[in-house]
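[1] only geometry, no sequence info:
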């Protein structure tokens, strides 16, 4: 299937600072690509490059197979975008801010503004000036601007910034629906890992300007470490007993015993039996799966381990 | 064509809703009233002695407190206030996109960046011409109200023509301010630039080279220093203006806008 969004060895230097280094990404129609990284990792730089707002030092980005450049205006006809810090004209109302986008995007349907306002639940604030909006509603206005023309591509930088929990769920469902029902291709950057894991179909991890890994969300379960966590009154003796039985046991930061290995994960009852017969009955026995946060930190080398 | 009309509508909406728009109108209105006040004081010498500094300034008119002197003052004021006022207008139109951080919202749209820049420049021209008309119209009204002697319709028409020419010559300097607003990403750099040109202009004019310095040329046309302009002055002014337009267009097109 043809890539809708593609970057080819995309690189951006600001003097000696390597903001983005040799990033090659390919995103297909209807995919939700989650772009994960710490602050300053290069997420926003990638988005600005994708939008032609800054120019690459090397490499290129492509939308619908056409090279992104500041002069190629026709590219933006079907692209909606939201940048990390959303700003609107402060003295203009919500509907006037949207009217600006409607005119500049040459959208003939005047009702699109009311429809988008309703879609983003901005009705009560329609005639409120942007400078008087709450952070969450500023973000909703930004999303409204991105969605006004029903784009085929959405490029969103931290779209749930400032939204309350209900708003986060609502926007997540909206984006999922756009991708699954309408085939909208979504590139979404975030440092909120839980949000990305719930939303994205594929995840790219960027660290210090380098794209270090791409994973399908379906694969995430296999890639994330699983371990058996247990607690007993005599952890030292229990650890020795399990080591005698060939298990790999370590002590967690919380002081609990952690057992790794497929056999321990699949048959925790064997470990329970060993401990009970040794007079060391477990007080806690549970299989814990590494979450995306932990996986991400391991991937970028902040905590130990290899993700490969 | 539709793109430029849409962009013009958008830019005019931003101006109409801004607080700065009525402030500039009030500012130019006040300047005209102030000119009328000066000539009123000059007409009434008994007030001069009672009014300290203002009286001294008004005394510049000396014996001439008629319409020709008043129109001459309006022309000088158009050149001087125009340079500051129009520079401020241009700084706001271009610099606000950076100061309000709305610039990135208008860069990845189906409308060309050149169209956006041109529409901003057109709105700048319209705004500045409107301020010139206000300056002249309020000036006329103030003059009538204080019954300045020596009215002549022909003189008024000629003065209006001169004020418009001075205004247009000053407006030609706006694109370079637009470039500095874009390059400096805000209001302050272009405002600073305008102030520097004002100060530098005085020095250069003192050396007798004012007709070659773009920011002095509109004032010289107004006869501020009694100098006459040669064709080279107009060429320099046009060149400066074109350089400003090209520089601004190129900056919006080629510079990183982060």
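    That came through, no problem. On a predicted model such as this, the values are computed, not experimentally measured, just so you know.
[2] Contact residues of the stretch 1-150 of chain B facing chain A?
    Proximity of the stretch 1-150 of chain B to chain A is confined to B:2-3, B:6-7, B:9-10, B:13-14, B:17-19, B:100-102, B:104-113 under the rule C-beta under 8 Å from any C-beta of the partner chain. Where C-beta positions appear, they are placed from N, C-alpha and C, glycine not excepted.
[3] List only buried entries from those residues.
    B:3, B:6-7, B:10, B:13-14, B:18, B:100, B:102, B:104-113 (16 or more other C-beta atoms under 10 Å in any protein chain shown).
[4] Now for chain A, the helix or strand with the poorest mean pLDDT.
    helix A:217-223 (a mean of 75; mean pLDDT, DSSP states H and E).
[5] Which SSE is immediately downstream of it?
    strand A:226-231 (DSSP states H and E).
[6] Off-centre distance for that following strand?
    28 Å (C-alpha atoms, centre = their mean, to the nearest Å).
[7] The least confident helix or strand of chain A - contacts with which helices or strands?
    Contact partners of helix A:217-223 among helices and strands, from 3 or more C-beta pairs under 8 Å, 6 or more residues apart in numbering or on different chains; DSSP states H and E: strand A:202-207, helix A:292-299.
[8] secondary structure class for residue A:140?
    Under DSSP: H, G, I helix; E, B strand; the rest coil, residue A:140 falls in the helix class.
[9] ok, the closest residue to it other than its chain neighbours to chain B distance?
    Excluding its sequence neighbours, the residue lying closest to residue A:140 (C-beta to C-beta, 6 or more residues apart in numbering or on different chains) is residue A:120, at 4.6 Å. Distance, residue A:120 to chain B, using C-beta to the nearest C-beta, to the nearest Å: 16 Å.
[10] Number of residues surrounding residue A:120?
    26 (other C-beta atoms under 10 Å in any protein chain shown).
[11] Am I right that it is in contact with residue A:138?
    No. Counting by C-beta atoms under 8 Å, residue A:120 does not reach residue A:138; the two are 11.5 Å apart.
[12] Format the helices and strands packed on helix A:217-223 as JSON lines; extra columns: mean pLDDT and mean neighbour count.
    Supplementary listing: these in JSON lines, determined by pLDDT from 0 to 100; neighbours: other C-beta atoms under 10 Å in any protein chain shown:
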{"stretch": "strand A:202-207", "mean pLDDT": "92", "mean neighbour count": "22"}
{"stretch": "helix A:292-299", "mean pLDDT": "77", "mean neighbour count": "20"}
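[13] Give me every residue in the stretch 1-150 of chain A lying close to chain B.
    A:45, A:48, A:51-55, A:70-71, A:73-74, A:76-77, A:79, A:81, A:83, A:85, A:87-92, A:96, A:99-101, A:103-106, A:145.
[14] Would you mind listing where chain A has pLDDT under the threshold?
    Across chain A, the ranges flagged by pLDDT under 70 are A:1, A:221, A:302-308.
[15] go with 50
    For chain A, applying pLDDT under 50 flags the ranges A:306-308.
[16] Break it into its domains for me.
    The domain map for chain A lists A:3-218, A:226-289, with the assignment taken from automatic domain parsing.
[17] gap between the last one and the chain center?
    To tie it back to what came earlier, the one meant is domain A:226-289. 34 Å.
[18] Comparing the domains of chain A, which stretch has the densest surroundings?
    domain A:3-218 (a mean of 19; mean count of other C-beta atoms under 10 Å in any protein chain shown).
[19] Now do the end-to-end distance for that domain.
    End-to-end distance for domain A:3-218: 20 Å, by C-alpha to C-alpha, to the nearest Å.
[20] before we move on, the earlier item: as CSV, the helices and strands packed on helix A:217-223 with distance to residue B:244 would be great.
    As requested, the helices and strands packed on helix A:217-223 are exported to CSV (distance: least, C-beta to C-beta, whole Å):
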stretch, distance to residue B:244
strand A:202-207, 40
helix A:292-299, 49
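[21] mind putting the ones you listed in a markdown table, distance to chain B included?
    Compiled in a markdown table, these are given as follows (distance: least, C-beta to the nearest C-beta, whole Å):
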| stretch | distance to chain B |
| --- | --- |
| strand A:202-207 | 17 |
| helix A:292-299 | 26 |
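[22] so where do the helices sit in the chain?
    In the absence of a named chain, chain A is used. Secondary structure of chain A by DSSP state H: the helices cover A:43-50, A:94-104, A:111-119, A:135-147, A:165-182, A:193-199, A:217-223, A:235-244, A:262-266, A:268-277, A:292-299.
[23] Chain B is the one I meant
    B:2-16, B:20-43, B:45-48, B:52-58, B:67-99, B:113-145, B:153-171, B:174-183, B:188-206, B:217-221, B:231-254.
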